[in-house]
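Asks: My questions concern the predicted model and sequence given below.
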Amino acid sequence: KVIKPNAAEKGTEGYGFTNGVYEIHGNLMYMRCFEKCSLDLYDMPKRPAKTITEEDIPKCAKCGSMMRPHILWFDESYTEELHKVDSVNSVVDSDVDALIVVGTALATALASRIVKTCLRKDILTIDVNLEPVCTAGHSVQVIEK
């Protein structure tokens, strides 16, 4: 199972949360209805070369509201429906052999809790970052980008 905290544009194929991949902060490759009339995910259109106007913003086929990136914004809370938070917590509490922390500052509560839980349970934790972020475990500092 893979838990991805970053909403990177590239990475897993298909919609988030498939084949044991939990993208807890979403995925910029997809969009969903701003008004949450549906939890359906759609491919994010390619950004036009020109300046984007309001008319360029995709509209929901079901309710007509604007679409938004399928990401967790800072003023939002994790939900099972959109971020699989209960599923992630269940995996972390019962089904982790090792944790590899790559490219994150652990600035969000869920990502930080995952690391703290694994360290508390003495699960092998490997930190691969430009600057180490884990207080225990094994750290590998990346020297070059």
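Replies: Done, it's in. Numbers count the residues shown, from 1 in each chain.
Asks: List the residues that contact the closest residue to H83 other than its chain neighbours.
Replies: When the adjacent residues along the chain are set aside, H83 lies closest to I24, with 5.3 Å between them (CB to CB, 6 or more residues apart in numbering). C-beta here means a position set from N, CA and C on the backbone, and glycine is covered the same way. The contact partners of I24, taken as CB atoms under 8 Å, 6 or more residues apart in numbering, are 3-5, 72, 78, 83-85, 88, 110-111.
Asks: Turn the residues you listed into a markdown table, including pLDDT and distance to D56.
Replies: Putting the contacts of I24 into a markdown table (pLDDT from 0 to 100; distance: CB to CB, whole Å) gives the following:
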| residue | pLDDT | distance to D56 |
| --- | --- | --- |
| I3 | 72 | 33 |
| K4 | 67 | 28 |
| P5 | 67 | 29 |
| L72 | 89 | 24 |
| Y78 | 90 | 30 |
| H83 | 86 | 27 |
| K84 | 86 | 30 |
| V85 | 90 | 32 |
| V88 | 89 | 34 |
| L110 | 87 | 33 |
| A111 | 87 | 33 |
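Asks: Check the chain for its longest strand and report it.
Replies: The residue-count maximum for a strand in the chain (DSSP state E) belongs to strand 26-33.
Asks: what bridges to T125?
Replies: Beta-bridge pairing for T125 (DSSP bridges): L99.
Asks: what's next to stretch 108-123, contact-wise?
Replies: Stretch 108-123 is contacted by residues 3, 5, 24-25, 78, 85, 88, 92-93, 96-99, 101, 104, 106, 125, 133-137 when judged by CB under 8 Å, 6+ apart.
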